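S.K.: my questions are about this predicted structure, shown below with the sequence.
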Amino acid sequence: MSHHPEPGAPRAESDSYQLLFAIQRYFEFGGLQRDMLRIANACASRGHDVHVVTGDWDAPPPDSVTVHTIGFGGRTNHARCAGFGQAVGHFVTRQKFDCVVGFTRMANLDVCWCGDPCLAARFGDDKPSWLRCFPRYRTYLAVEDSVFGPTSDAELLLLTEGEKQRVTQHYAPSPSRMHLLPAGIDRTRFLPGPHTDNARQAITTELRLDPEARIILGVGSSFSTKGVDRSITAVAHLPGELRRGTELIIVGNGKPDSYRKLARKLGIERQVHFTGGRDDVALFYHAADLLLHPARTETAGHIIVESLVCGLPVVVTANCGYAFHVERAGAGRVCPYPFVQDILDKQLAEALDADRLESWRGQARKYRDTADLYSMVERATDVIVDRATSNRQAALPGQQRRAS
């Protein structure tokens, strides 16, 4: 499938490792998927032989890593999750890798990307305990325990302090296993430059918008999770003149039909625009006046930090892991949890004051120049390579490699 050497082939250098990244599904505009590929590419750039195993690769083939697609069973989401983990286990036993990195939770990982919220913690917050009896949650909790629990020695790549605290509370993994990563915004993609100088004109021309309109932006491919219905409702509830001069643009690969229906019901159908997934999302950040992100759940939320890096103010729900960046920057509003639509409606109306938006833009630009919002990929790559080194050393004569 590729010009890359097969796993287990002789290595040209003793410090070049065979690395395997496992992700159940890869599609081009997913945040998790982008993070995985950026880290895989960073490992490859250091001279390591990087392979990705997945059930579905829906994107152009990458240049620097080898992709393997595998089949697995399961009719439900939880059964497919378990089936993918088993299929990866069989794939690993037939090959030789120095480090196995999971972007989908499964047993016997060396490193796990913790991009999903801790399920055990959610049972303590907003899910009744009897749900644990259902096969769906039994499966997911068992998979989660295989990563965080006492039978695992996986390195845990955690995205927020809050998620680290929740994992610690429910599973108490060794502190040496937990690695809290900074944000990892791609400077070349999101910082202003010649490619963004005419962003607003380009977007308003493409979507045939009034150049003087206030533009509210939503970004994300799971429209329910990202709270697109909440955003549409908040725009519809703006005071009359403010509402008439506001456009809502949703960038992402979700299914828009029910949300168009909601906009039509609320009388703002012509003011809500769905673009589909876009590789030029930075243009939208630089063109908009405000990011509105009332997500129902969000372990981190890279789009929050991407917006700040672009100088775009943010209104976000407090349950998003990266909401604290908005408060630290002083560049927007955080809607309290539990969520109340009336509070979001009020915050949005207040946020669209022109002087307030200009002040927040300045605060966002100051924050992007002073905070570490960029080094996630490098830090994650360090953890992966360190684990590969440890595994290689443990496999030397006279030492025992841990069971995998």
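M.R.: Yep, that arrived. Numbers count the residues shown, from 1 in each chain.
S.K.: and the pLDDT at the closest residue to residue 260 other than its chain neighbours?
M.R.: Excluding the flanking residues, the one nearest residue 260 by CB to CB, 6 or more residues apart in numbering is residue 269, at 6.5 Å. Any C-beta I mention is one placed from the backbone N, CA and C, and that applies to glycine too. Predicted confidence (pLDDT) at residue 269: the value is 98.
S.K.: what's the answer for the one 3 residues further on, then?
M.R.: pLDDT recorded at residue 272 is 98.
S.K.: likewise for residue 11?
M.R.: Looking at residue 11, its pLDDT is 38.
S.K.: repeat that for residue 8.
M.R.: On the pLDDT scale, residue 8 gets 44.
S.K.: hang on, the earlier thing: I'd say the residue nearest to residue 260 and residue 256 touch.
M.R.: No: counting by CB atoms under 8 Å, no contact exists between residue 269 and residue 256, whose distance comes to 11.3 Å.
S.K.: give the residue from those two that has the larger number of neighbours.
M.R.: In this view residue 269 and residue 256 are compared by other CB atoms under 10 Å, and residue 256 has more residues nearby, 18 against 13.
S.K.: how close does that one sit to residue 206?
M.R.: Distance of residue 256 to residue 206, computed by CB to CB, to the nearest Å: 17 Å.
S.K.: swap in residue 152?
M.R.: In this structure, residue 152 and residue 206 are 48 Å apart, going by CB to CB.
S.K.: again with residue 121
M.R.: In this structure, residue 121 and residue 206 are 42 Å apart, going by CB to CB.
S.K.: the more surrounded of these two?
M.R.: Set side by side, residue 121 and residue 206 show unequal neighbour counts under other CB under 10 Å, the larger going to residue 121 at 19 against 12.
S.K.: in this structure that one contacts residue 166, no?
M.R.: Yes: judged on CB under 8 Å, residue 121 makes contact with residue 166 at a distance of 3.9 Å.
S.K.: what sits closest to residue 29 if chain neighbours are left out?
M.R.: In space, residue 29 comes closest to residue 277 once its chain neighbours are excluded; the distance is 3.6 Å by CB to CB, 6+ apart.
S.K.: please enumerate the strands of the stretch 51-200 of the chain.
M.R.: In the stretch 51-200 of the chain, the strands defined using DSSP state E, counting those that start in this stretch lie at 57-58, 66-69, 99-102, 111-114, 155-158, 178-180.
S.K.: and the second one, what does it pack onto?
M.R.: It refers to strand 66-69. Packing partners of strand 66-69 (3 or more CB pairs under 8 Å, 6 or more residues apart in numbering; DSSP states H and E): strand 49-54.
S.K.: just checking, residue 267 touches residue 235?
M.R.: No: taking contact to mean CB under 8 Å, the distance of 10.5 Å between residue 267 and residue 235 leaves them out of contact.
S.K.: which of these two has more residues huddled nearby?
M.R.: Comparing residue 267 with residue 235 by other CB under 10 Å, the one with more neighbours is residue 235, at 26 against 10.
S.K.: ok, now which ones touch the more buried one?
M.R.: For residue 235, the contacting residues are 216, 243, 246, 248, 268, 271, 272, 348, taking CB atoms under 8 Å, 6 or more residues apart in numbering as the criterion.
S.K.: same deal with residue 129?
M.R.: Taking CB under 8 Å, 6+ apart, we find residue 129 in contact with residue 123.
S.K.: distance check, it against residue 123.
M.R.: From residue 129 over to residue 123 the distance is 6 Å, taken as CB to CB.
S.K.: could you find the closest non-adjacent residue to residue 341?
M.R.: Excluding the flanking residues, the one nearest residue 341 by CB to CB, 6+ apart is residue 233, at 6.1 Å.
S.K.: surely that neighbour and residue 340 touch.
M.R.: No: using CB under 8 Å, residue 233 makes no contact with residue 340, being 11.8 Å away.
S.K.: helices of the stretch 301-404 of the chain, residue ranges please.
M.R.: 302-309, 323-329, 341-351, 354-370, 376-394 (DSSP state H, counting those that start in this stretch).
S.K.: pLDDT weak spots in the stretch 51-200 of the chain?
M.R.: With pLDDT under 70 as the threshold, the stretch 51-200 of the chain has low-confidence stretches at 125-126.
S.K.: quick one: low-confidence parts of the stretch 201-350 of the chain?
M.R.: Low-confidence segments of the stretch 201-350 of the chain, defined by pLDDT under 70, are absent.
S.K.: now the helices for the stretch 101-250 of the chain?
M.R.: According to DSSP H, counting those that start in this stretch, the stretch 101-250 of the chain carries its helices in the segments 119-125, 135-148, 161-171, 187-190, 199-207, 228-236, 240-244.
S.K.: which parts of the last one are buried?
M.R.: By neighbour count, and taking 16 or more other CB atoms under 10 Å as the criterion, the buried residues in helix 240-244 are residue 243.
S.K.: hmm, who's touching that helix?
M.R.: Applying CB under 8 Å, 6+ apart, the contact partners of helix 240-244 are 214, 235, 236, 237, 268, 271, 349, 352.
S.K.: so how far is residue 207 from residue 250?
M.R.: Per CB to CB, residue 250 is found 11 Å from residue 207.
S.K.: what residues do those two have in common as contacts?
M.R.: Counting by CB under 8 Å, 6+ apart, the shared contacts of residue 250 and residue 207 are 273, 275.
S.K.: more neighbours: which of those two?
M.R.: residue 250 (24 against 14).
S.K.: ok, and the closest non-adjacent residue to the more buried one?
M.R.: Residue 250 sits nearest to residue 218 (CB to CB, 6+ apart), 4.6 Å away.
S.K.: contacts only, for the one you found.
M.R.: With CB under 8 Å, 6+ apart as the criterion, the residues that contact residue 218 are 226, 228, 231, 248, 249, 250, 251, 252, 291, 292, 293.
S.K.: shouldn't residue 40 be in contact with residue 63?
M.R.: No: under the criterion of CB under 8 Å, residue 40 is not in contact with residue 63, lying 11.2 Å apart.
S.K.: neighbour count winner among those two?
M.R.: residue 40 (28 against 9).
S.K.: related to what we said a few turns ago, out of the strands of the stretch 51-200 of the chain, deepest packed?
M.R.: Among the strands of the stretch 51-200 of the chain, judged by mean count of other CB atoms under 10 Å, the one packed with the most neighbours on average is strand 99-102 (a mean of 27).
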